[in-house]
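Q: Fold the following, please.
(2 chains)
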Amino acid sequence: MASLIALEPGRRPLKFLENRHLLTLLLVGALVWSLAVVDWRGPLVHSGGGAAASDFLQALFPPELSTDFLRLCLVASWQTVSYAVAAITVAVAIGFPLGVIASGTAYTQGNLRVPAIVRLCLAGMRSIHELVWAVLFVSAVGLSPLAAILAIALPYGGILGRIYADLINDVPDPPLQALRASGASPMRVLLYGRLPMALPELVSYTFYRFECAIRAAAIMSFVGIRGLGYEIQLSLNDLLFSQVWTLMLFMVALVMVVDMWSSRLRRSLVS
Amino acid sequence: MNTAAANPAHLVAATGISKSYSQVQALAPLDLTIHAGELVALAGPSGSGKTTLLYILGGVVQPDEGEIVIDGRPLRRMRPGKDLAALVGLVHQNYDLVPQLPVIQNVLAGMLGQWGLLRSAISLLWPRDRQRAEKVLAELGLADKVLERTSHLSGGEQQRVAIARLMVQSPRIVLADEPVSSLDPVLSEEILRLLTGIADSPGRTLVASLHSPNLIRRYFTRVIGLREGVLQFDMPSSGLTDDVLAQLYELNHRGELDRPGTGEAAAEVS
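A: From the prediction side, this is the model:
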């Protein structure tokens, strides 16, 4: 937050927000308060939940593995991934240019107002959860894939933009100095210094967000898009827990594949 | 200084430049003129102000006081981009290349002062002026590393890439901050040969900081001694004896340091 408010290096309003003890104090206070308001005399856990949980667990042995259902899972996974890819693509298209502007490195230092305003916009985009965006977009464009994609892309664009700005700012300075000494303008320093040096981190964080987008795309079933979440919902309604397990295992597999892919890619970028 | 009369065109003329960092004086007010064709070595212990002086001459650091005129134009009024890059180039102690880029891109970065933005951006994908970079790299024995990732190169090779960037930039004044401090003797000689080679053509000069009296005598024409930001001597490098240099590096008491200059060297201060 401090970077959001710090408009000029000299005058920093709300400087007390930079105090780390303040945050610690607030967090500890919140914990103590929440423990204090718990009703310790009554049962903390719903007593009937145990039976339901064991039903659900038993359905894992085995999960539904019929060929037809596996085929349905594959199709659903494909749908979820394609929505996630569309959403993250739009998010990068929003987040990258805004992140570069918010980093304040693209042009000569001096006017820090534009980066500050862009940072505010990014904060606004990501402060609203994708489900809330989904509700807003559904009322605007109706139950459609477009609503779901935009609902994920907007907050993710806000998050990516913010992280991109930080990563672009936090590269080691000496190589940048050397580029400036060769006559490179800030924009050229960005192209030849900041972006290449930040690239591994940029890619790896984008992939992490892509994993999150897969999860979010699965959740978007309730604005009418098909995919893993939609099938999970259908199976749950019919209390077919073994099907739910299969679908969830597909979900986990998807995220693991993306994780493996990104770490391989990152390694090739770093070494 | 007889050369000053013979060649009135000073390539670099600094008057009264000084610099302090918080309370510490990095450089006491200093006058310095350098002529085209001179090869100037800066000697002095760590913290003596060599790097500060080089950075001020390179326009990287602004002096607190004083003015620098390069090739008849005040440094202060030069635009940091292409104006300055055509006149002054700086090699840093740690080469300071972008490790993630291929070698050729680090070399072509020497062109960024001259290239337009579009050309710079396109070159990142399809290198422009490729032959020029390849020719320079071949001269430096790096012909087979053109597309190698810079971080895969050894320290000595990276140093040569930094010099290749400088050769492509082709500034009239080459400033080098401890270019051979971390290199073995053979490589040191090679790097100094390359650096003095850049300054060899007419109208150019080299200013480098280093510690070895042998290398100073062999590769430079003039040597300037600095200690705690104060000029101790300024003489032809042929006159540099090991004694003079030992005195410069000697760990004196503070009281002895307050004397202006040390020994015979004081006579040489211009």
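
Q: Any idea how many residues pack against whatever residue of the stretch 1-150 of chain B ends up closest to chain A?
A: As assessed by CB to the nearest CB, chain A sits closest to B:Gly113 within the stretch 1-150 of chain B, at 2.0 Å. C-beta here means a position set from N, CA and C on the backbone, and glycine is covered the same way. By other CB atoms under 10 Å in any protein chain shown, 25 other residues sit near B:Gly113.

Q: Check A:Arg126 too.
A: Residues near A:Arg126, counting by other CB under 10 Å: 19.

Q: Quick one: residues contacting it.
A: If you count contacts by CB atoms under 8 Å, 6 or more residues apart in numbering or on different chains, A:Arg126 has them with A:155-156, A:158-159, A:162.

Q: and those residues as a markdown table, adding neighbour count and pLDDT?
A: Compiled in a markdown table, those are given as follows (neighbours: other CB atoms under 10 Å in any protein chain shown; pLDDT from 0 to 100):
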| residue | neighbour count | pLDDT |
| --- | --- | --- |
| A:Pro155 | 22 | 96 |
| A:Tyr156 | 27 | 97 |
| A:Gly158 | 23 | 97 |
| A:Ile159 | 19 | 97 |
| A:Arg162 | 23 | 96 |
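
Q: Which of those fall in helices?
A: Using DSSP state H, A:155-156, A:158-159, A:162 are the members of these that sit in helices.

Q: ok, which residues in chain A are in contact with chain B?
A: Neighbours of chain B within chain A, by CB under 8 Å from any CB of the partner chain: A:174-175, A:177-185, A:187-188, A:191-193, A:196-197, A:199-200, A:269.

Q: which of the residues in stretch B:59-78 are buried?
A: Buried residues in stretch B:59-78, counted by 16 or more other CB atoms under 10 Å in any protein chain shown: B:59-61, B:63, B:66, B:68-71, B:75, B:78.

Q: Quick one: residues contacting the residue in chain A that chain B sits nearest to.
A: Closest residue of chain A to chain B, CB to the nearest CB: A:Gly183 (2.0 Å). Counting by CB under 8 Å, 6+ apart, A:Gly183 makes contact with B:80-82, B:84-86, B:112-114, B:169.

Q: Kindly report the same for A:Gly104.
A: Residues counted as contacts of A:Gly104 (CB under 8 Å, 6+ apart) are A:112, A:114-115, A:165, A:169.

Q: I'd like those laid out as JSON lines, including distance to B:Leu32, pLDDT and secondary structure.
A: Formatted as JSON lines, the contacts of A:Gly104 follow (distance: CB to CB, whole Å; pLDDT from 0 to 100; DSSP: H, G, I helix; E, B strand; the rest coil):
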{"residue": "A:Leu112", "distance to B:Leu32": "37", "pLDDT": "73", "secondary structure": "coil"}
{"residue": "A:Val114", "distance to B:Leu32": "41", "pLDDT": "87", "secondary structure": "helix"}
{"residue": "A:Pro115", "distance to B:Leu32": "40", "pLDDT": "89", "secondary structure": "helix"}
{"residue": "A:Ala165", "distance to B:Leu32": "42", "pLDDT": "96", "secondary structure": "helix"}
{"residue": "A:Asn169", "distance to B:Leu32": "37", "pLDDT": "94", "secondary structure": "helix"}
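
Q: Could you work out the most separated pair of the residues you listed?
A: A:Val114 and A:Asn169 (15.2 Å; CB to CB).

Q: can you name the farthest residue from the center of chain A?
A: The C-alpha centroid of chain A is most remote from A:Arg41, which lies 39.1 Å away (CA atoms, centre = their mean).

Q: That one falls within a helix, correct?
A: No - if the criterion is DSSP: H, G, I helix; E, B strand; the rest coil, then A:Arg41 is coil and not within a helix.

Q: Strands - which of the buried residues of stretch B:59-78 land there?
A: The members of these that map onto strands under DSSP state E are B:66, B:68-70.

Q: check which helix or strand covers B:Ile17.
A: Element membership for B:Ile17 (DSSP states H and E) is strand B:10-21.

Q: helix or strand right after that strand?
A: Counting by DSSP H and E, the next helix or strand C-terminal to strand B:10-21 is strand B:24-35.

Q: helices or strands next to that following strand in the packing?
A: Applying 3 or more CB pairs under 8 Å, 6 or more residues apart in numbering or on different chains; DSSP states H and E, one finds that strand B:24-35 contacts helix B:2-6, strand B:10-21, helix B:50-57, strand B:65-70, strand B:205-209, strand B:230-236.

Q: Now do the same contact list for B:Gly49.
A: B:19, B:26-28, B:226, B:228-230.

Q: just to revisit the earlier point, just the buried ones from the residues of chain A next to chain B?
A: Of those, these count as buried by 16+ other CB under 10 Å: A:175, A:177-185, A:187-188, A:191-193, A:196-197, A:199-200, A:269.
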